[in-house]
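*Asks:* The following comprises the amino acid sequence and a computationally predicted model.
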Amino acid sequence: MAGLSDPNGSEFSAAELEFLAEDEMIEIVPNMKMDPLNLISGDFGPFHPQIATQVPLWLAVALKKRGKCTIRPPEWMSVEKLTQVLEAERDSQKSFQPLPFHYVEISRILFDHARDDISDFYMVRSLIEDIKDVRFHKIGTGLEVISQRTAALKLEHLTAMEVNIVRPFVVGALQTFYKLDSPEITQESDTRTNRQFPAANHGPRRQLKR
């Protein structure tokens, strides 16, 4: 992963963020009987028809692709919940509503692989896009306050994708401000100024002959 392998890089690709989100737990309803799965990340199952159970998102998608289960979208993906979040985001210009850290990635994966399991699919997708746009606008407004006097920036309840976008800009801006404000830079600038503009010295004045 670019963000993990490069110590100077702080941006993850969309695919990398989705990979991280696939470890989030989600509820499925199996339509088959199967013994527990003993995996490195944990034990999941046993699976019984029509009995809901929790599994990682990647496993839910794998079973869904094989026709072995249906996926129950998280409660926050209902039209009612998303409408409440959108209204609250619009009402508050400075604060962000708490959402799952990977809400964008989880919703995208479910849109791609479990569309038929999502009630009011088009409305849910539209609400999530609206929420994302409103939050991005507020983030942009918040970044406008960064100046040379900014020691830290507090933005609560940011999600993975938002942090991924904001972090490189904020870190770069603050590092530039600190560098420009450092005593070494200031002293070096003064030294260069003195070298470029030496004090004028025209020597003793000569008497004019009459």
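*Replies:* Ah, there it is. Residues are numbered from 1 along each chain as shown.
*Asks:* Could you point out the longest strand of the chain?
*Replies:* Using DSSP state E, we find that the single longest strand of the chain is strand 25-30.
*Asks:* Give me the buried positions along stretch 41-57.
*Replies:* Neighbour-count burial for stretch 41-57 flags 44, 47, 55-57 (criterion: 16 or more other Cβ atoms under 10 Å). The C-beta positions use only the backbone N, C-alpha and C, and glycine is treated the same way.
*Asks:* Tell me which entries of those residues lie within strands.
*Replies:* Going by DSSP E, the strands hold 44, 55-56 from the buried residues of stretch 41-57.
*Asks:* Tell me where the chain has helices.
*Replies:* 2-5, 14-21, 57-65, 79-91, 103-113, 121-143, 160-181, 183-196 (DSSP state H).
*Asks:* that older thread, report the strands that pair with the longest strand of the chain, each with its relative direction.
*Replies:* strand 53-56 (antiparallel), strand 69-72 (antiparallel) (DSSP bridges).
*Asks:* thinking again about what came up before, now compare the buried residues of stretch 41-57 and name the two farthest from each other.
*Replies:* 47 and 57 (16.1 Å; Cβ to Cβ).
*Asks:* contacts for stretch 122-139?
*Replies:* With Cβ atoms under 8 Å, 6 or more residues apart in numbering as the test, stretch 122-139 has contacts from 73, 77-79, 82-83, 85-86, 89-90, 93-94, 96, 99, 103-104, 107, 111, 118, 155, 158, 162, 165-166.
*Asks:* let's see 7 Å
*Replies:* Residues outside stretch 122-139 that contact it (Cβ atoms under 7 Å, 6 or more residues apart in numbering): 77, 79, 82-83, 85-86, 89-90, 93, 96, 104, 107, 111, 118, 155, 162, 166.
*Asks:* CA atoms only for that stretch, dumped as CSV, please.
*Replies:* C-alpha atoms of stretch 122-139 as CSV (Å, rounded to 0.1, in the frame of the first residue of the first chain):
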residue,chain,number,x,y,z
TYR,A,122,-31.5,4.9,-5.3
MET,A,123,-32.6,7.1,-2.5
VAL,A,124,-30.0,5.7,-0.1
ARG,A,125,-27.3,6.3,-2.7
SER,A,126,-28.5,9.9,-3.3
LEU,A,127,-28.6,10.7,0.4
ILE,A,128,-25.0,9.4,0.9
GLU,A,129,-23.7,11.5,-2.0
ASP,A,130,-25.5,14.6,-0.6
ILE,A,131,-24.0,13.9,2.9
LYS,A,132,-20.5,13.5,1.4
ASP,A,133,-20.9,16.8,-0.6
VAL,A,134,-22.1,18.8,2.5
ARG,A,135,-19.2,17.5,4.6
PHE,A,136,-16.6,18.3,1.9
HIS,A,137,-17.9,21.8,1.7
LYS,A,138,-17.5,22.3,5.5
ILE,A,139,-14.1,20.8,5.4
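*Asks:* List the buried residues of that stretch.
*Replies:* Those buried within stretch 122-139 under the rule 16+ other Cβ under 10 Å are 124-125, 127-128, 130-132, 134-135, 138-139.
*Asks:* Can you tell me which of those residues is closest to residue 24?
*Replies:* Proximity of the buried residues of stretch 122-139 to residue 24 was ranked by Cβ to Cβ; the top entry is residue 128 with 15.7 Å.
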